[in-house]
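Enquirer: Pasting a predicted model and its sequence here:
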Amino acid sequence: MSQTSTPTLIAPARPGRPALGIAVAVLGVAVLGGLLVGPARIDVGGAIAALYDAIPGFESAHGLTEVEQRVLFDIRLPRVVMGALVGAVLALAGAAYQGVFRNPLADPYLLGVAAGAGLGATLAFAWTGNEALVAPLALAGGLAAVVVTYTLGRSVGGRTATSLILAGVAVAAFATALQTYVLQRHVESIREVYSWILGRLVTVGWVNVLALLPYAVVAGAVLVAARRLLDVLGLGDEEAIALGLNVTRVRWVVVTAATLATAAAVSVSGLIGFVGIIVPHTIRILFGWSYRVIVPLSVLFGAAFLVIADLAARTLVAPGELPIGVVTAFFGAPFFLIVLRSLRRAS
Amino acid sequence: MRRIAPILALLLFAACATDATPTTTTVDSATTTPATQPAPGSIGPASGFPLTVMADNGEVTIEKRPEAIVSLSPTATEMLFAVGAGDQVIAVDDQSDFPTGVPTSDLSGFTPNLEAILSYQPDLVILSFEPADSPVSEGLAATGVSTLVLDGAQTLDDVYGQIEVIGKATGNQEAATALNLAMQAEIDEIVSDTASSGQGLTYYHELDPSFFTATSETFIGQIYSLLGLVNIADQADTEGIGYPQLSAEYIVSQDPDLIFLADADFGESAETLAERPGWGGMTALDDGAVVELDGDIASRWGPRIVNFLATVADAVKTHASAA
């Protein structure tokens, strides 16, 4: 369907070899950097040998102490994997929201998803004190927020995308207000909520990676499969309907998948902003406007971006830590402007 | 992210205040007068009201001996009762819980509410924290209620100074001076009793499970320094805030001799530490040198810093005898 329905203005149809190659290379460098650099100052040669040695069927004398091995495999590796997973999911969700709502500003934050998930998590901490309920309640909160946003947006402004964004802002403000109220009533849980909100890549282990993986895989598969439909939606609702697309259903499926992914990421890693805006936009500018390009590349570049941001978070003030949300905003915004300016000058 | 920033700021204060960790931010120290405590010699006639004291909100005049004190700081509450001003206290905030029997109310020290405070008709209010956007002390001053703002202590001298101020302001100056001397004597005794068994031992003082900690620059760190302990966090405090966040791999690779958990009240223990990724096999865990602290004692800069020091000294002696 999409081959005939997408006009020639969208090109190329899928990420070219160079683009994919660059993305994979950047991710590889980021992951390697994330594994080799850190406040524990593990010898780089030894770390490489130890990583090589850890691959089944390969052996290498690495000479790392037992402590260094624990740091490398139990602390750094899960943190890098988690960073990659969260980054991929957030960038993917951002791209999906932008496609569905045809709004370059759409991201998990503007639609109220993050605020809804935050409210859900806060309720879990305040009412139950049960850590196991944080993820499901964050999911419920995120989905509830996006449902309300969608319903509200449609009832107010019909099918225009801008009314949805406005509704999202209102929903986010409401959820944030409720969250503040709940926190004021439950002072004893402020500490947990606070450290959760600022992002928790700090304490991540393999348990957290395994908790996120199924959501990320399911949501990722749905969104990657729907990338062609996003291009069709990009033509406008009337055009897409005329071309035989069930716009409402596609929108629901994509939004649900993206929300699931966001809430899952948020529930294990806390609120990390900016990834969903910066990554898809940079890809758009560098590699093209088709979602068949943007969606898969968002996965790779989103993963690389967050791994690098996390590397900065734990090395810039080493041996201290910066909140990763601060780093993503601090590096994301100027980077985006530089790309924008350089391209404008080139054209 | 931007939308939740104001909440984050609030939470940051509130989260710190939950365990009564001093929250002297750079803004505070730049705008408030340094805690110039009156030296013991420079104090006016004993219980000669009206008098003035220096607090972190400047010079405060107290017309007569306060008989209706409201304390919105758990630390100030402990100081008030320790200097014998307990009878003069009519209400304390919802976090104040020591000594037993304090007149706990539903007043909040994190979000102090002017009208709620005034409903107790106080003649002296003591705060340790003011929200930047609603300075309660100004509102109280406008209604003629004397208000002392006593920020989180940075040093042990601040602790003694605040006890002096509270003693003087409540007409219990002699008791306050005696308390300070007794505390200093007890501290000296614990330190000499522990001798050199703590010299050079490294430690990590955990404030919360995301590895926020206190450096030697804080009153918390100074307690450990008295015994010669070395703080692994000192290199991490690049901004000099005193309460940096460490990374797990740094703590694990530093492998401190002793670990003190000020977040034990929140469920952290040697068992939960062993379950953290990469933490199993750390020296302190193998040696049984993980100490669960009373979160209140280890975060309030009041008279019970002596108990805090005693707990640390016990851990040091246990460690020395095991070695």
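Expert: Happy to help now that I have it.

Enquirer: for B:Pro50, phi and psi?
Expert: The phi and psi values for B:Pro50, taken as degrees, to the nearest 10, are phi -70, psi 150.

Enquirer: I figured it hits B:Val60, correct?
Expert: No. With contact taken as C-beta atoms under 8 Å, B:Pro50 and B:Val60 are classed as non-touching, separated by 10.8 Å. For the C-beta atoms, the positions are set from N, CA and C on the backbone; glycine is no exception.

Enquirer: Have a look at those two and say which one is more surrounded.
Expert: B:Val60 (20 against 10; other C-beta atoms under 10 Å in any protein chain shown).

Enquirer: which strands and helices sit next to the helix or strand that contains that one?
Expert: When elements are assigned from DSSP states H and E, B:Val60 belongs to strand B:58-62. Taking 3 or more C-beta pairs under 8 Å, 6 or more residues apart in numbering or on different chains; DSSP states H and E as contact, the helices and strands that strand B:58-62 lies on are strand B:51-55, strand B:146-149.

Enquirer: Let me know which of those strands is the nearest to A:Ser290.
Expert: Of all these, strand B:146-149 sits nearest to A:Ser290, with 60.0 Å by C-beta to C-beta.

Enquirer: next one: the helix or strand just after the closest one to chain centre, how far?
Expert: Per DSSP H and E, strand B:146-149 leads on to helix B:156-169 as the next helix or strand towards the C-terminus. Taking the mean C-alpha point of helix B:156-169 and that of its whole chain, the gap between them comes to 13 Å (C-alpha atoms, centre = their mean, to the nearest Å).

Enquirer: Run the angle between helix B:156-169 and strand B:51-55 for me.
Expert: Computed by axes from the mean of the first three to the mean of the last three C-alpha atoms, to 10 degrees, the angle separating helix B:156-169 from strand B:51-55 equals 160 degrees.

Enquirer: As CSV, could you dump the C-alpha coordinates of the helix or strand just after helix B:156-169?
Expert: Along the chain past helix B:156-169, the next helix or strand (assigned with DSSP H and E) turns out to be helix B:173-194. Only the C-alpha atoms of helix B:173-194 are listed here, as CSV (Å, rounded to 0.1, in the frame of the first residue of the first chain):
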residue,chain,number,x,y,z
GLN,B,173,21.3,30.5,78.6
GLU,B,174,23.1,28.9,81.5
ALA,B,175,21.6,25.5,80.8
ALA,B,176,22.6,25.9,77.1
THR,B,177,26.2,26.7,78.0
ALA,B,178,26.3,23.8,80.4
LEU,B,179,24.8,21.5,77.8
ASN,B,180,27.5,22.6,75.3
LEU,B,181,30.3,22.0,77.8
ALA,B,182,28.8,18.6,78.7
MET,B,183,28.6,17.6,75.0
GLN,B,184,32.1,18.7,74.4
ALA,B,185,33.3,16.7,77.4
GLU,B,186,31.5,13.6,76.2
ILE,B,187,32.8,14.0,72.7
ASP,B,188,36.4,14.3,74.1
GLU,B,189,36.0,11.3,76.2
ILE,B,190,34.7,9.1,73.3
VAL,B,191,37.5,10.3,71.0
SER,B,192,40.2,9.6,73.6
ASP,B,193,38.6,6.3,74.4
THR,B,194,38.7,5.2,70.8
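
Enquirer: Does anything pack onto helix B:173-194? Which helices or strands?
Expert: In terms of contacts (3+ C-beta pairs under 8 Å, 6+ apart), helix B:173-194 is packed against helix B:156-169, helix B:305-322.

Enquirer: Just name the most buried of these.
Expert: Greatest average neighbour count among the helices and strands packed on helix B:173-194 goes to helix B:156-169 (a mean of 24), per mean count of other C-beta atoms under 10 Å in any protein chain shown.

Enquirer: Alpha carbons only: can I get that one in CSV?
Expert: Taking C-alpha atoms only, helix B:156-169 is exported to CSV below (Å, rounded to 0.1, in the frame of the first residue of the first chain):
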residue,chain,number,x,y,z
LEU,B,156,30.1,21.3,64.9
ASP,B,157,30.7,24.9,66.0
ASP,B,158,27.4,25.8,64.3
VAL,B,159,25.7,23.2,66.5
TYR,B,160,27.1,24.7,69.7
GLY,B,161,26.3,28.2,68.4
GLN,B,162,22.6,27.3,67.7
ILE,B,163,22.2,25.7,71.1
GLU,B,164,23.6,29.0,72.6
VAL,B,165,21.1,31.1,70.5
ILE,B,166,18.2,28.9,71.5
GLY,B,167,19.3,29.0,75.1
LYS,B,168,19.6,32.8,75.1
ALA,B,169,16.4,33.4,73.2
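
Enquirer: Quick check: residues of the stretch 1-150 of chain A near chain B?
Expert: By C-beta under 8 Å from any C-beta of the partner chain, the part of the stretch 1-150 of chain A that sits against chain B consists of A:38-41, A:66-68, A:70-71, A:73-76, A:78, A:109, A:115, A:118.

Enquirer: Please save the CA atoms from the strand holding B:Val60 in PDB.
Expert: Coordinates of the C-alpha atoms in strand B:58-62 are reproduced here as PDB (Å, rounded to 0.1, in the frame of the first residue of the first chain):
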ATOM      1  CA  GLY B  58      19.700  38.400  60.900                       C
ATOM      2  CA  GLU B  59      19.400  40.100  64.300                       C
ATOM      3  CA  VAL B  60      16.200  39.100  66.100                       C
ATOM      4  CA  THR B  61      14.800  41.000  69.000                       C
ATOM      5  CA  ILE B  62      12.900  39.100  71.700                       C
END
